[in-house]
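> Pasting a predicted model and its sequence here:
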Amino acid sequence: MLLTTENLGKRYERRGVAVDALRAVDLEIEERAFVAVTGPSGSGKTTLLLTLAGLLKPTAGRIRFRDKQLEGFSDAQWASFRHANLGFVMQNFSLVPYLSARENVTLPLAIAGSKGAAQKKRATELLERVGLGDRASHLPRELSAGQQQRVAIARALANEPALVLADEPTGNLDPALATDVLDLLRSLNEESGTAILMVTHSPEAARAGTHRVHIEDGLVVDASLQPA
Ligand SMILES: Nc1ncnc2c1ncn2[C@@H]1O[C@H](COP(=O)(O)OP(=O)(O)O)[C@@H](O)[C@H]1O
Ligand SMILES: [Mg+2]
């Protein structure tokens, strides 16, 4: 198993009000799976994703990644775990606006310490893979929303992560562009074997997944994880 959560809980406390965003989430994500997590707005999807990435600390439960228990990791351990194992795709693309497509894709490679020429070559290959080989020198604002999300996907794959975490990756895209991005995620999942955990409020987007999980009010209500 790539990732397992047991009894995962996250309680936010704000001004004396407690919100149980995750109650007792048990999940199992197989190596190479494309898991679509659906649920209405406010059901805890983003909280789940951020907790799995160590960007929020769970208030209960356990997270195992392959043979590592993660829930007790320090911030530094989480940071190196993320660099080594995870890629991220967010709803608003989160590209650096003054860097070209290639430079955006290069960022995680630079952090990982690979050499300049090798970085450029790898970034170019990744952009070709997402269909943007001819747009490497363009700034994000010179690209359409769908193209920007492709750059973000190329960046997420730069360090060959075992798992890509995607939060509403098609939430800001028109339906046709959303379909393109979902097809791209599906084919990258099939070709590269990178597992994907995608959260979405859209049942249509969820159809791209090989497995589905549904959460409501911080609880998994359909954990069948049956292949779609
Ligand atoms: N930083 C926070 N502080 C307090 N409550 C929060 C915070 N972030 C999210 N919540 C609450 O936790 C619940 C789940 O939110 P979220 O994970 O963003 O859901 P989703 O991504 O499914 O829309 C909601 O009730 C939301 O209001
Ligand atoms: Mg959300």
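Good, I have the coordinates. Ligands and ions are numbered 1, 2, ... in the order given.
> ok and the residue in this protein nearest ligand 2?
Residue nearest to ligand 2 within the chain: T46 (3.2 Å; C-beta to the ion). Using the backbone N, CA and C atoms, a C-beta is placed for each residue, glycine as well.
> Can you tell me the SS state at that residue?
The three-state label given to T46 by DSSP: H, G, I helix; E, B strand; the rest coil is helix.
> so it touches I215, yeah?
No. Counting by C-beta atoms under 8 Å, T46 stays clear of I215, with 11.1 Å between them.
> just to revisit the earlier point, if I pick the residue of the chain closest to ligand 2, what's in contact with it?
Contact analysis of T46 by C-beta atoms under 8 Å, 6 or more residues apart in numbering lists D167, V199.
> which of the residues in stretch 161-181 are buried?
161-173, 177-181 (16 or more other C-beta atoms under 10 Å).
> What of stretch 86-94?
L86, G87, F88, V89, M90, Q91, F93.
> Equivalent analysis for stretch 70-78, please.
So, applying 16+ other C-beta under 10 Å, buried residues of stretch 70-78: L70, E71, F73, W78.
> Also stretch 185-201?
L185, R186, L188, N189, T194, A195, I196, L197, M198, V199, T200, H201.
> and this protein, which of its residues are near ligand 2?
In this structure, the chain approaches ligand 2 at residues K45, T46, judged by C-beta under 5 Å from the ion.
> Could you point out the longest helix of the chain?
For the chain, the longest helix by residue count, based on DSSP state H, is helix 175-192.
> Give the next helix or strand downstream of that helix.
Later in the chain than helix 175-192, the nearest helix or strand by DSSP states H and E is strand 195-200.
> quick one: that next one near ligand 1?
No. Using C-beta under 6 Å from any ligand atom, strand 195-200 stays clear of ligand 1, coming no nearer than 6.7 Å.
> hang on, the earlier thing: looking at the buried residues of stretch 161-181, which are in helices?
Filtering those for helices - DSSP H - leaves L177, A178, T179, D180, V181.
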